[in-house]
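J.: Provide a 3D model corresponding to the input given below.
(one chain, ligands or ions: 2)
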Amino acid sequence: FVAGLEYLKNEPCETLDQQHFCLQVNTGLMTDVYRSLDQGAEGVGLYRTEVSFMMRDRFPSESEQAEIYRQQLQAFAPNNVCMRTLDIGGDKSLSYFPIQEENPFLGWRGVRVTLDHPEIFIVQVRAMIRASEGFDNLSILIPMVSSIGELEEAMHLIYRAMHELQEEGYQVVMPRIGMMIEIPANVYQIRDIAARVDFISVGSNDLTQYLLAVDRTNPRVASLYNNYHPAVLMALQQIYQEASACNCPVSICGELAGDPIGVILLAAMGFRSLSMSPTSLLRVKALLRQIDTEWARDLLNTILQMDNPLVIRSTLEFAMKKAG
Ligand code: PEP
Ligand code: MG
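T.: Ligands and ions are numbered 1, 2, ... in the order given. Model (predicted):
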């Protein structure tokens with residue numbers, strides 16, 4: 001628990017002007033699950049499946065995966081659990097599936113790997129769907145998609161897995177399918193994406209990295225990695241507006257959703273569904289219950305007139321202090 005905030009666990013997350021927010025958590029291990037339930041999370045906005053793959057010395061079998069996934073689904077039922085298909089490559093590697101590349105963040109990552117290895121993808125999706133039998137609270141999220149063709153191919157494999165399982169007699173319902181918005185190209189194709197998926201989830205960590213061309217793991221350029229850069233804020237605003245215009249549910253699961261200043265800017269843009277690390281949840285709830293979204297919109301409008309990321313950051317910090 002965050003000291004002093006326990007009382008908020010079962011309180012609604014509503015701003016002073018009665019805007020309701022859905023706060024979910026990002027999980028990887030079962031310890032995150034136990035911690036999240038303690039905080040009153042309304043489900044899982046991002047379950048990073050690669051974490052349990054990284055702790056093994058071989059690919060887990062379909063049944064082993066199904067057991068791992070069932071624990072997540074059961075813990076949060078009837079709330080939704082959004083499971084992301086394997087997102088390896090970049091900075092996340094498996095000892096038993098080494099990837100050596102000059103430029104890993106621009107290389108073989110996320111769905112690029114699993115579309116080249118449909119046997120890995122199909123086994124994982126089958127395990128997720130099997131695990132959801134009787135709970136019906138599963139969503140599947142596809143990472144690192146750079147084209148509609150990849151999205152359609154991945155969706156096709158999910159339909160195929162679903163069909164196979166139904167043929168085999170499993171009593172399962174079709175999961176909702178979503179796509180991570182984390183590559184700049186995605187920002188310009190929200191309408192095409194929204195026409196195909198049930199929801200989108202913004203990965204602001206990678207979106208910032210790729211928009212600014214700053215390796216998110218490289219300390220030498222860490223000062224250039226800035227979620228409040230005007231280009232990042234404009235991209236986020238555009239994503240929200242385009243998705244809402246298509247009635248496509250949109251949430252955000254990057255670190256920005258657990259960052260106090262980020263939360264205010266996201267609230268101002270219209271985001272109402274935020275997924276974050278379990279330790280941030282009660283702090284974010286406390287903050288949202290003290291603000292008015294009109295005030296947040298004024299602040300965002302002021303910021304969007306500025307072009308210097310450092311001035312933006314200090315203006316935001318000053319506004320937060322002034323607001324107490
Ligand atoms: C992101 O990119 O913002 C994200 C949530 O995914 P990950 O941090 O696992 O790449
Ligand atoms: Mg990402």
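J.: distance-wise, check Leu141 relative to Asn226.
T.: Leu141 sits 25 Å away from Asn226, going by C-beta to C-beta, to the nearest Å. From N, CA and C alone the C-beta is placed, and that goes for glycine too.
J.: which of the two has more neighbours?
T.: The neighbour comparison of Leu141 against Asn226 (other C-beta atoms under 10 Å) goes to Leu141, with 27 against 17.
J.: near ligand 1, which residues of the stretch 101-250 of the chain are found?
T.: 182, 203-206 (C-beta under 6 Å from any ligand atom).
J.: return the subset of those residues lying in strands.
T.: Nothing among these maps onto strands, per DSSP state E.
J.: quick check, nearest of the residues you listed to Asn79?
T.: The closest of those to Asn79 turns out to be Gly203 (C-beta to C-beta; 21.0 Å).
J.: against Gln24, how distant is the closest one?
T.: Separation of Gly203 from Gln24 (C-beta to C-beta): 14 Å.
J.: how about the strands of the stretch 101-250 of the chain, start to end?
T.: 138-142, 176-181, 199-202, 250-252 (DSSP state E, counting those that start in this stretch).
J.: pLDDT below threshold where in the stretch 51-200 of the chain?
T.: Along the stretch 51-200 of the chain, no part satisfies pLDDT under 70.
J.: residues from the protein in reach of ligand 2?
T.: 182, 203, 206 (C-beta under 5 Å from the ion).
J.: the last one contacts Ile183, correct?
T.: Yes - in this structure, Asp206 is within contact of Ile183 by C-beta atoms under 8 Å, at 7.2 Å.
J.: so which of the two has more stuff around it?
T.: The residue with more neighbours, out of Asp206 and Ile183, is Asp206; 23 against 20, by other C-beta under 10 Å.
J.: contacts only, for the more buried one.
T.: For Asp206, the contact set (C-beta atoms under 8 Å, 6 or more residues apart in numbering) comprises 144, 180, 182-183, 216, 254.
J.: on that earlier part again, what about the residues of the stretch 101-250 of the chain next to ligand 1, which are in helices?
T.: 204-206 (DSSP state H).
J.: pLDDT and distance to Thr114 added to the residues you listed, as CSV?
T.: As requested, these are exported to CSV (pLDDT from 0 to 100; distance: C-beta to C-beta, whole Å):
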residue, pLDDT, distance to Thr114
Ser204, 98, 22
Asn205, 98, 20
Asp206, 98, 16
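J.: give me the mean pLDDT for stretch 220-228.
T.: Mean per-residue pLDDT for stretch 220-228: 95.
J.: what's the span of that stretch, first residue to last?
T.: 19 Å (C-alpha to C-alpha, to the nearest Å).
J.: what residues does it touch?
T.: Contacting residues not belonging to stretch 220-228 are listed as 204, 208-209, 212, 214-216, 232, 254-256, 259, 261-262, 265, 303, 309, 312-313, 316 [C-beta under 8 Å, 6+ apart].
J.: swap in stretch 39-49?
T.: Outside stretch 39-49, the residues that reach it (C-beta under 8 Å, 6+ apart) are 1, 8-10, 22-28, 36, 69, 72, 76, 79-87, 124, 137, 141, 201, 251, 253, 273-276, 278, 281-282.
J.: quick one: contacts for the residue nearest the centre of the chain?
T.: By C-alpha atoms, centre = their mean, the chain has its centre lying nearest to Cys253, at 3.0 Å. By C-beta under 8 Å, 6+ apart, Cys253 lies in contact with 24, 26, 45-46, 201-203, 275-276.
J.: at 10 Å what do you get?
T.: 24-26, 44-48, 82, 84, 141, 180, 182, 201-205, 273-276 (C-beta atoms under 10 Å, 6 or more residues apart in numbering).
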